[in-house]
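In: After the sequence you'll find the predicted model.
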Amino acid sequence: MKVGFIGTGWFAKTHAAILGEMEGIEVTAFCGTSIEKAEKEARNWSNAKGYSNVDEMLEKQKLDAVYICVPPMAHGAIEFALIDKNIPFFVEKPLGIDEQPHEIAKRIEEKGLITSVGYHWRYKETTKMAKSLLQNRKVGMAQGFWMGNMPMVPWWRDINKSGGQFVEQTTHIVDLLRFLCGEITEVYAAYSSKIMQEKVEGTTASDVGSVTMKLQNGMVATISNTCILKDSNKVGLDLFTEEGIIELRNEHLREIKGKQILEYKEQVNPYMAENKIFLEAVKTGNPAGILSDYKDSLKTHTVTLAANQSARSGQPIRLES
């Protein structure tokens with residue numbers, strides 16, 4: 001199976017490294033914002049070539065699948081080009097910064113194209129365990145967090161390029177909430193910029209925010225984020241049930257029942273899992289194992305855009321069911 005990459009950053013390197021350990025997978029092309037960047041990545045592979053133009057790469061390479069690992073503002077034309085050529089693709093979140101993913105999703109459905117989106121929390125064993133625990137419990141409310149530092153790449157701090165922290169980063173926690181607890185029907189958000197605009201030139205994205213949500217099942221959830229800290233501090237989701245609290249973090253799950261605390265360490269590499277499942281789906285033509293395709297991920301994207309809209313307007317935003 002021949003695979004190409006669009007993007008040369010951390011995510012592209014991470015996924016490519018995983019593919020390099022898999023039998024029957026050959027990375028043959030990289031497309032970057034410059035030919036130098038693309039060729040630098042291509043040199044890590046015996047039969048790979050570098051390109052600076054997506055259309056040229058797709059014209060000259062016969063690819064079975066493509067990974068899209070680009071900043072939020074770069075989405076759109078890439079996806080349409082792949083859809084036109086019927087090439088299955090894996091795309092890293094977020095899907096974009098505006099409403100264009102709705103048209104992309106429509107075109108994908110018309111073609112019946114296999115897609116996967118990088119919401120890797122869905123592929124964790126601890127997430128699977130949480131889902132199992134919740135089969136016999138009712139969740140009353142949830143609290144999510146992404147409390148950390150600001151990634152020092154210029155586009156991230158520009159609201160018009162990244163969509164802001166809730167769209168670009170905290171989307172993982174929104175998606176995890178949806179995956180475990182169901183669909184979100186209303187959001188009300190409050191954002192503020194207290195610190196980073198004075199510290200880092202060119203910052204237009206909010207540096208603190210909190211979003212309250214109503215879910216279809218009657219639950220209430222709040223997800224908060226900040227990028228003012230020096231280091232990553234607290235990332236995850238807490239679920240409050242009649243039997244206690246389920247805490248999900250990057251490396252573990254904790255189940256708290258009164259004074260009893262049970263902890264489970266994450267045992268799998270979710271990036272490895274999502275890659276294997278996507279490529280197996282492409283190979284077999286059966287996408288049943290994919291936990292986050294483009295159509296489903298669009299719902300998470302819609303929630304994060306609604307949060308931004310609410311923060312701007314000061315009004316709650318109802319979402320279509």
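Out: Structure's in. What do you need? Fair warning: this is a prediction, and the values are worked out from it, not measured in the lab. Residues are numbered from 1 along each chain as shown.

In: and the longest helix along the chain, what does it pack onto?
Out: Ranked by number of residues, the top helix in the chain under DSSP state H is helix 294-313. Helices and strands touching helix 294-313, as assessed by 3 or more Cβ pairs under 8 Å, 6 or more residues apart in numbering; DSSP states H and E, comprise helix 100-111, strand 115-117, helix 165-168, helix 171-181, strand 184-192, strand 208-215, strand 317-318. (C-beta placed from N, C-alpha, C; glycine too.)

In: so what's the residue nearest to the spatial centre of the chain up against?
Out: With distances taken as Cα atoms, centre = their mean, the residue of the chain nearest its centroid is Lys93 (3.3 Å). Contacts for Lys93 (Cβ atoms under 8 Å, 6 or more residues apart in numbering) come out as 117-119, 171-172, 175, 297, 300.

In: How about the contacts made by Ala105?
Out: Counted by Cβ under 8 Å, 6+ apart, Ala105 has contacts 294-295, 298.

In: top of those residues by neighbour count?
Out: Tyr294 (24 neighbours; other Cβ atoms under 10 Å).

In: Tell me who's in contact with that one.
Out: Going by Cβ under 8 Å, 6+ apart, the list of residues near Tyr294 reads 91, 95, 101, 104-105, 108, 115-117.

In: Swap in 6 Å and give it another go.
Out: 105, 108, 115 (Cβ atoms under 6 Å, 6 or more residues apart in numbering).

In: Serialize those residues to a markdown table and add fields for pLDDT and distance to Cys31.
Out: What follows is the contacts of Tyr294, written out as a markdown table (pLDDT from 0 to 100; distance: Cβ to Cβ, whole Å):
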| residue | pLDDT | distance to Cys31 |
| --- | --- | --- |
| Ala105 | 98 | 23 |
| Ile108 | 98 | 20 |
| Thr115 | 98 | 18 |
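
In: Is it possible to get TSV of the helices and strands packed on helix 294-313 that adds distance to Ala307?
Out: Shown next, in TSV, are the helices and strands packed on helix 294-313 (distance: least, Cβ to Cβ, whole Å):
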stretch	distance to Ala307
helix 100-111	16
strand 115-117	18
helix 165-168	5
helix 171-181	8
strand 184-192	4
strand 208-215	5
strand 317-318	8
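
In: how about those, which one is nearest Thr28?
Out: strand 115-117 (19.5 Å; Cβ to Cβ).

In: of all the contacts of Tyr294, which comes closest to Ala48?
Out: Thr115 (22.9 Å).

In: The closest one against Asp293, yeah?
Out: Yes: using Cβ atoms under 6 Å, Thr115 is in contact with Asp293, at 5.2 Å.

In: And for Gly148, the neighbour number?
Out: 20.

In: backbone phi and psi for it, please?
Out: Torsion angles at Gly148 (phi, psi; degrees, to the nearest 10) stand at phi -160, psi -160.

In: Check Cys227 too.
Out: According to degrees, to the nearest 10, Cys227 has phi -130, psi 30.

In: Could you measure from it over to Tyr191?
Out: 12 Å (Cβ to Cβ, to the nearest Å).

In: Domain boundaries for this structure, per the record?
Out: Structural domains annotated on the chain: 2-120+272-291, 121-267+301-318, as defined by automatic domain parsing.
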